[in-house]
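Novice: just coords:
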């Protein structure tokens, strides 16, 4: 008889679009993506406003019977049936919301961006370490099969780069277009990242804009096709290949009618395996790397002149913060 999969019981904090996409993937049969060793169970959902909002969310995602609904985040993290909390609130709330869960003794998968500042990220890691809890930033593309095929060894220590950035802002002060140059002195390499809210990666769904990501080196390049947040194919072009292109498709199992298959189930599987094996951080996205990412983002915002209010930049935890209670 085959061993039973390790089943993890999830609590969902917030009921917005990203939570909807995550839960739809969470509720799919793992066998659809050829996974047999872990499984997932949705046990609770919380809205910061009302139980009715949480109940409406369950209807929208076609959740099974028996899922508990809460009208506050504090009630969710106090639920003894919840093994891990998925924090799906805006990133402005992540520090306070994740601390709320950690202080309650809950493991956490926190949506990206991890926090607003590097100091907040460090505080979350310190808390998770001291309480011996699992904590991971939900960079879901890191767990795509495509990423496993193209990234370097996940156990390799990452180098913190020097950062140069420029930002164009809306009249509101929000960042609308950002360009970042990253220099890695130790490895004598550089990277360029560009993002803009007004320019699509792909205008017609057929990669007409070209690759979303290029990884270039002396022997050739790897081109990642499709939107960067949901890549489905990569191409390898070697310097001595006389123009020959190796194309590798990495499809995501999906069902358009039921609207699942967003690629978010793989990060959930990683969480389940880490909890099963007693790991407190993922070797594919360790705490140290999430902190470095936040240091880069914070420096880019600083150079671009983007300022946030103290309510969301403080690294002082407050269980009664309006970011935790929903009150204003």
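Specialist: Done, it's in. Just so we're clear, the structure is a prediction, and the values are computed from it rather than from any experiment. Numbers count the residues shown, from 1 in each chain.
Novice: all contacts plus neighbour counts: C-alpha atoms, from now on.
Specialist: Will do.
Novice: Break down the stretch 201-328 of the chain into its strands, ranges please.
Specialist: 213-217, 220-225, 233-238, 245-249 (DSSP state E, counting those that start in this stretch).
Novice: give me the beta-bridge partners of the residue most central in space within the chain?
Specialist: In the chain, the centroid-proximal residue (CA atoms, centre = their mean) is residue 138; its distance is 2.3 Å. Using DSSP bridges, the bridge partners assigned to residue 138 are residue 111.
Novice: Check what pLDDT it gets.
Specialist: Reported pLDDT at residue 138 in the predicted model: 96.
Novice: Rebuild the strands of the stretch 201-328 of the chain as JSON lines, extending it with mean neighbour count and distance to residue 306.
Specialist: Shown next, in JSON lines, are the strands of the stretch 201-328 of the chain (neighbours: other CA atoms under 10 Å; distance: least, CA to CA, whole Å):
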{"stretch": "strand 213-217", "mean neighbour count": "14", "distance to residue 306": "26"}
{"stretch": "strand 220-225", "mean neighbour count": "19", "distance to residue 306": "30"}
{"stretch": "strand 233-238", "mean neighbour count": "18", "distance to residue 306": "34"}
{"stretch": "strand 245-249", "mean neighbour count": "13", "distance to residue 306": "39"}
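Novice: Relative to residue 129, which of these is closest?
Specialist: Ranking the strands of the stretch 201-328 of the chain by proximity to residue 129 (CA to CA) places strand 213-217 first, at 34.0 Å.
Novice: just the angle between that closest one and strand 220-225, please?
Specialist: 170 degrees (axes from the mean of the first three to the mean of the last three CA atoms, to 10 degrees).
Novice: Next secondary structure after the lowest-mean-pLDDT helix or strand in the chain?
Specialist: None of the helices or strands of the chain scores lower by mean pLDDT, DSSP states H and E than helix 145-150, at a mean of 69. On the C-terminal side of helix 145-150, the closest following helix or strand by DSSP states H and E is strand 162-169.
Novice: roughly how far out does that following strand sit from the chain middle?
Specialist: Centroid separation for strand 162-169 versus its chain: 22 Å, with CA atoms, centre = their mean, to the nearest Å.
Novice: other SSEs contacting that strand?
Specialist: Using 3 or more CA pairs under 8 Å, 6 or more residues apart in numbering; DSSP states H and E, the elements in contact with strand 162-169 are strand 175-184, helix 287-303.
Novice: Adding distance to residue 260 and mean pLDDT, write the strands of the stretch 201-328 of the chain out as JSON lines.
Specialist: Below are those laid out as JSON lines (distance: least, CA to CA, whole Å; pLDDT from 0 to 100):
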{"stretch": "strand 213-217", "distance to residue 260": "25", "mean pLDDT": "88"}
{"stretch": "strand 220-225", "distance to residue 260": "21", "mean pLDDT": "89"}
{"stretch": "strand 233-238", "distance to residue 260": "19", "mean pLDDT": "90"}
{"stretch": "strand 245-249", "distance to residue 260": "19", "mean pLDDT": "89"}
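Novice: With distance to residue 199 added, can I get these in TSV?
Specialist: Output for the strands of the stretch 201-328 of the chain, formatted as TSV (distance: least, CA to CA, whole Å):
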stretch	distance to residue 199
strand 213-217	15
strand 220-225	16
strand 233-238	21
strand 245-249	25
